[in-house]
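**Student:** here is a sequence with its predicted model. Questions after.
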Amino acid sequence: MSKRKLKRKGRIVRENDRYILINEMDEKFQVNDFIAYVWLKSEGLSVDELTDLIIDVIGREDLNKDLIKRDVYVVVEKLMEMGLIE
């Protein structure tokens, strides 16, 4: 999965300062800012590219890229299970 380009599915809404992801079956999932960011930025990127983007946005070179990649991978895998990324 780390090289394969991701495709977003569903949509996102913001209700009362909370992000809600809604899949194509109209199931709703309340998510935190990080998960919402990963979903929003995932279109057309691989997990490796998404990881690099997140590290660039954070702006710290001292971060452990392998740990961040693992976290991104876990989030992407969960989003796939929820029908929000393919």
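**Tutor:** In hand now; what should we look at?
**Student:** got any ranges where this structure has weak pLDDT?
**Tutor:** The chain contains residues with pLDDT under 70 at 1-2.
**Student:** which residue is nearest the centroid of it?
**Tutor:** Residue closest to the average C-alpha location in the chain (Cα atoms, centre = their mean): residue 38, at 2.3 Å.
**Student:** and it, how far from residue 30?
**Tutor:** Noted for residue 38: a distance of 15 Å to residue 30, by Cβ to Cβ, to the nearest Å. Using the backbone N, CA and C atoms, a C-beta is placed for each residue, glycine as well.
**Student:** try residue 49
**Tutor:** Separation of residue 49 from residue 30 (Cβ to Cβ): 27 Å.
**Student:** between the two, who's got more neighbours?
**Tutor:** In terms of neighbours (other Cβ atoms under 10 Å), residue 49 is the more surrounded of residue 49 and residue 30; the figures are 16 against 11.
**Student:** the residue nearest to the centre of the chain and residue 76 touch, don't they?
**Tutor:** Yes - the pair residue 38 / residue 76 is scored as a contact, 6.7 Å apart, by Cβ atoms under 8 Å.
**Student:** nothing else from me, thank you.
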